[in-house]
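> Provided below for reference: sequence and predicted model.
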Amino acid sequence: MYILIKSLLKGDIQEGKIKTQYEAKSIIKKFKQFFIDQDMNNMIKFFNSLTFKQWEKINEDYINLNMQNRIDRRIIIAFLLFTFVLISLKYFGKGPAFYLLFGNTFHSFPYPRIYSHLYWALFRIICYFVIPAVIIKYLYKENLSDYGLRIDRSPKILFLYLVMFFAVFPFVYAASQNPGFIRTYPFYKYAAQSWNQLIIWESAYALQFFSLEFFFRGFILYTFARYIGAYAIFFMSVPYTMIHFQKPFPETLGAIFAGVFLGTLALRTRSIFGGVIIHIAVAWSMDLTALFQKGLLQRLF
């Protein structure tokens, strides 16, 4: 093929088919256009297989047509809890509320600066996980596994989780070069003062991410998917993006795509743990990379 094309460019083929260099270039152009069109068609098909085909399958798997014409208390409870949690996190789940409640109670404790951050994490664990889990178990009389709290141990799914992390990590590293990123992470600014503080903080940080995934990609997503199928993914992704408004702009923008992708993954695998693994791995990578960029991580060794 290479020799043929080279000959065409030089105008070496003369006998009745291609007599000028212009004609040769014209054919090369058509060849290129053909392969570009093929690549574009393949890309579109691949994109559709990852998105629309998956969402159609979700609709088949989750929408219960028998429930379409009745009012389900679970929808009302989910709506009320959704708004209650978001309001509570905004006004009662941060440092000022901690100091209002406890004042200087922990001032004489080891690592006194960490407790307001542990309060932040614990408040989220209660709102995002404990309250919804109690509602599912004791009010709905359902299993937590029906809301994605199960692990799919199939090698294909575990391999997918691994691929997702390696796909995301280059973006984390690129973001770590941004001054806004370095200023923001880690939330607990004294995490690198000792191994104990780093481990305590990152453990609490991970648990609140597990809880966040259960709330958004479990409780809320599975509740609404029974009625509106894949549209529940987009419904969930709006408030999920909004809780990132205090983060750096690129991360907030990325939350839109993360919400849709992780929501699709949760419903297709019937498990929230893809999001849990990716979220925790990325969060730890962001913290450690930011500490490294500041030169603080190296001091621990």
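In hand now; what should we look at? Numbering: from 1, shown residues only.

> low-confidence ranges in the protein?
1-38, 65-69 (pLDDT under 70).

> what about the helices in it?
Chain-ordered helices for the chain, with DSSP state H as the definition, fall at 2-10, 21-50, 52-62, 73-92, 95-102, 115-125, 131-134, 155-175, 179-184, 195-213, 221-228, 231-242, 249-269, 273-294.

> Gly93 and Ala121 touch, don't they?
No: Gly93 is beyond contact range of Ala121, at 9.5 Å (criterion: CB atoms under 8 Å). Using the backbone N, CA and C atoms, a C-beta is placed for each residue, glycine as well.

> What number of residues are in the vicinity of Leu80?
Here the count is done by other CB atoms under 10 Å, and Leu80 has 10 residues near it.

> quick one: it from Lys57, how far?
In this view, Leu80 and Lys57 are 30 Å apart by CB to CB, to the nearest Å.

> which residues sit against stretch 192-206?
Stretch 192-206 is touched from outside by 111, 114, 117-118, 121-122, 186-188, 190-191, 280, 283-284, 287, 291, 294, 296-297, 299-300, with contacts defined as CB atoms under 8 Å, 6 or more residues apart in numbering.

> Just the buried residues of those residues.
111, 114, 117-118, 121-122, 186, 188, 190-191, 280, 283-284, 287, 291, 294, 296-297 (16 or more other CB atoms under 10 Å).

> And for Phe123, the neighbour number?
18.

> How about Met242?
For Met242, using other CB under 10 Å, the count is 11.

> And Thr83, by the same measure?
Burial of Thr83 is recorded as 11 neighbouring residues (other CB under 10 Å).

> Spit out the contact partners of Gly274.
Remark: with contacts taken as CB under 8 Å, 6+ apart, Gly274 is in contact with Ile157, Leu160, Tyr161, Met164, Leu262, Leu265, Ala266.

> if we go to 10 Å?
Taking CB atoms under 10 Å, 6 or more residues apart in numbering as the criterion, Gly274 is in contact with 148, 151-152, 157-158, 160-161, 164, 213, 217, 261-262, 264-266, 268.

> Check the spacing between it and Pro186 real quick.
Taken as CB to CB, the span from Gly274 to Pro186 is 24 Å.

> any chance of the helices of the chain in TSV, plus distance to Lys141?
Putting the helices of the chain into TSV (distance: least, CB to CB, whole Å) gives the following:
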stretch	distance to Lys141
helix 2-10	69
helix 21-50	36
helix 52-62	20
helix 73-92	11
helix 95-102	33
helix 115-125	23
helix 131-134	12
helix 155-175	29
helix 179-184	42
helix 195-213	22
helix 221-228	15
helix 231-242	22
helix 249-269	22
helix 273-294	24
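
> Tyr140 is nearest to which of the ones you listed?
Evaluated with CB to CB, the helices of the chain place helix 73-92 nearest to Tyr140, the distance being 6.4 Å.

> Contacts for the closest one, please.
For helix 73-92, using CB under 10 Å, 6+ apart, the contacting residues are 67, 72, 93, 97-98, 100-101, 120, 123-124, 126-128, 131-132, 135-136, 139-140, 142, 215-216, 219-224, 226-228, 236, 239, 242-243.

> what's the closest non-adjacent residue to Cys127?
Counting by CB to CB, 6 or more residues apart in numbering, Cys127 lies nearest to Val85, which is 4.6 Å off, once chain neighbours are set aside.

> give me the number of residues near the one you found?
What Val85 shows, counting by other CB under 10 Å, is a neighbour count of 21.

> same check, this time on Phe109
Residues lying near Phe109 (other CB under 10 Å) number 9.

> ok, it - contacts?
Applying CB under 10 Å, 6+ apart, we find Phe109 in contact with Tyr115.

> how close does it get to Phe215?
30 Å.

> What of Tyr140?
In this view, Tyr140 and Phe215 are 15 Å apart by CB to CB.

> more neighbours, the two?
Regarding Tyr140 and Phe215, a neighbour count based on other CB under 10 Å identifies Phe215 as having more, with 25 against 16.

> pretty sure that one contacts Tyr222?
No: the pair Phe215 and Tyr222 does not pass the contact test of CB atoms under 10 Å, sitting 11.0 Å apart.

> For those two, list the residues in contact with both.
Common neighbours of Phe215 and Tyr222 (criterion: CB under 10 Å, 6+ apart): Tyr147, Met236, Ile272.
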